[in-house]
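*Asks:* Any chance you can model this:
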Amino acid sequence: MPDLELEPAQICGAPGIAVRGELDMATAPELEEALDRAVGASVGAFVLDLCDVSFLDSSAINLLMRTRALLGREDRTLVVVCPPGSVRRVFALTGIEELFALFGSRDEAARALVPVDPRRRPAGHRSDVKFQSQVSE
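*Replies:* This next block holds a predicted model:
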C-alpha cells in the first residue's frame, strides 16, 4: 500500500492539510478522516495542499467534492494548491477545475486569502479568513 503523509498546512491564517504521496482508494479514507477532523475544528477558508501528491484517482476526486460541499454548507471555501502537472490535469480532465479555488502555488493562494475583520463579520458567520475571488495581479 502506498504511503500517505499528512501534516498541518496553514496559509495566511487559513487552516489546512498538506498531503504527500498517492491519493487513491487505499489512502482516501485516511485523508477523509483527517479532513473531517480539521474542517470540524476550524473556521474560514480551508487549504488542501496537493503540491507533493504524485497520483490522484476518482476516489480522491469524490473526497474533494465531498469536502467542498461540507465547507460550502457554512459558506466556507476549499482552497486547493496544486501546481501544473499530472495531478492538476485530473482536475481539467474531469471538468472540476472551476469548482475549486485552485492555485498553482502556496504564494498564489496566499495572495487570495484575506483576514476577516471581526467587526465587519455578519452575525453568525464563522470565518476568520476568507477567499478573495478577485485578486489583483
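*Asks:* residues of stretch 93-101 that come out buried?
*Replies:* Of all the residues in stretch 93-101, those buried under the rule 16 or more other Cβ atoms under 10 Å are 96, 100, 101. Glycine gets a C-beta too; all of them are placed from N, C-alpha and C.
*Asks:* could you pull out the strands for the chain?
*Replies:* Here the chain has its strands, by DSSP state E, at 4-8, 16-23, 46-56, 78-81, 101-103, 113-115, 129-131.
*Asks:* The residue nearest the centre of the chain bridge partners, please.
*Replies:* Nearest to the geometric centre of the chain sits residue 48, at 3.0 Å (Cα atoms, centre = their mean). The partner list for residue 48 in beta bridges (DSSP bridges) reads residue 17, residue 80.
*Asks:* my read: it touches residue 87, true?
*Replies:* No. Counting by Cβ atoms under 8 Å, residue 48 sits too far from residue 87 to count as a contact (11.7 Å).
*Asks:* Which residues outside the longest helix along the chain are in contact with it?
*Replies:* Across the chain, the longest stretch assigned as helix under DSSP state H is helix 58-72. Residues outside helix 58-72 that contact it (Cβ atoms under 8 Å, 6 or more residues apart in numbering) are 23-25, 28, 31-32, 35, 39, 46, 48, 77-78, 80, 90, 94, 96, 99-100.
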